[in-house]
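**Q** Here is my input; please provide its structure:
(chains A and B)
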Amino acid sequence: MSGKLKVVFGRRYRFSASHRLYSQKLSEEENCRVYGKCNNPYGHGHNYVVEVRVSGTVDPATGMVVNLKDLDRFVQGEVIEAFDHKSLNEDVEAFRTAVPTTENLCKEIYQRLKHFPLAKLERVRIEETSNNAFEYAGEEIQDRVTVR
Amino acid sequence: MVYLTRKIEFSASHLYHNPALSAEENRRIFGKCNNPHGHGHNYMLEVTVAGEPDPVTGMVLDLKELKEILEREIAGRMDHRFLNYEVPELAGQIPTCENIARVIWQLLEPKITQGRLHKVRLYESADIFAECYRNGANYA
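**A** Down below sits the predicted model:
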């Protein structure tokens, strides 16, 4: 029976970064109207919580879908080092054009993690604050936004 | 379809050690979880049952009954136990979060007769969890 069961492993990571929501496709006035205080030209910051979920078969020798040391090392190298204590707008190439909303951040982190070689990336969930959460599971599953 | 989730907590100790591997390999793979004296966690289990609400009671499954099943089948077996030595269902397996979640699925599935067991999620700490769900089920 266990062969029919899918096992998912989830792990939460944290980083702190600043951003400014500003779209080059909108006028100054529209930016101000759409993004409100998130449009403040000096930017502002969050303590982001990133939940990474991967799936796979449980290795009978280790009892693990993935050794969390390996997942930690990969997430640290691909995401945390690139984003922690950085300005998302200035320091992350993707956000020189895309607006660093947490929706787009989910997609960017998903792209960075989907090549993890030891398990299948299922989903990236980001809590921007304790009241806002966003999830991205690739294009095969419809994008989801949850607000608690 | 309606999804009903109930949580239950239990505390247990465990250690990771594979006798087929050398002492050095065990230390390299399992790190501090290989400490021979074991260590413990407060586990948080979330169990989700899927079904249609009964037209008479409005319930997928009586929460009281689900609580009793979780207390008997899971907390009764695992709470304040050393998982490697005291839970026969885990014998011969490394008691990782993944394997414990799988054993919990196997214990609960035959006991849930109203609705169907949809998902088992087991938190080892606030930042680590494993979950099992029926293959092909809507991953929600």
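**Q** Please count neighbours and contacts with C-alpha atoms only from this point.
**A** Will do.
**Q** Just to check, residue B:125 is in contact with residue B:11?
**A** No. With contact defined as CA atoms under 8 Å, residue B:125 does not reach residue B:11; the gap is 11.1 Å.
**Q** Find residues that contact each of the two.
**A** Common contacts of residue B:125 and residue B:11, defined by CA atoms under 8 Å, 6 or more residues apart in numbering or on different chains, comprise B:41, B:42, B:43.
**Q** More neighbours: which of residue B:125 and residue B:11?
**A** residue B:11 (16 against 13; other CA atoms under 10 Å in any protein chain shown).
**Q** In contact with the closest residue to that one other than its chain neighbours, which residues?
**A** The shortest distance from residue B:11 to any non-neighbouring residue, by CA to CA, 6 or more residues apart in numbering or on different chains, is to residue B:42 (4.4 Å). Residues near residue B:42 by CA under 8 Å, 6+ apart: B:9, B:10, B:11, B:12, B:124, B:125.
**Q** Which other helices and strands does whichever helix or strand the second one is part of contact?
**A** If I follow you right, that is residue B:10. Applying DSSP states H and E as the criterion places residue B:10 in strand B:2-14. Taking 3 or more CA pairs under 8 Å, 6 or more residues apart in numbering or on different chains; DSSP states H and E as contact, the helices and strands that strand B:2-14 lies on are strand B:39-51, helix B:63-70, helix B:76-78, strand B:81-82, helix B:83-86.
**Q** quick one: contacts of it?
**A** B:38-53, B:60, B:63, B:66-67, B:70-71, B:75, B:78-84, B:95.
**Q** Can you list the strands that it pairs with?
**A** strand B:39-51 (antiparallel), strand B:81-82 (parallel) (DSSP bridges).
**Q** and the longest helix for chain B?
**A** helix B:97-108 (DSSP state H).
**Q** What separation do you get for the residue nearest to the spatial centre of chain B and chain A?
**A** With distances taken as CA atoms, centre = their mean, the residue of chain B nearest its centroid is residue B:101 (3.5 Å). For residue B:101, the distance to chain A (CA to the nearest CA, to the nearest Å) stands at 8 Å.
**Q** was I right about that residue contacting residue B:131?
**A** Yes. Counting by CA under 8 Å, residue B:101 does reach residue B:131; the two are 6.3 Å apart.
**Q** who touches both of the two?
**A** In contact with both residue B:101 and residue B:131: B:120, B:121, B:122, using CA under 8 Å, 6+ apart.
**Q** of all those, which comes closest to residue A:111?
**A** residue B:121 (25.6 Å; CA to CA).
**Q** Residue B:49 bridge partners, please.
**A** residue B:4, residue B:117.
**Q** most remote residue from chain B's center?
**A** Chain B, CA atoms, centre = their mean, max distance from centroid: residue B:56 (31.5 Å).
**Q** Thank you kindly, that will do.
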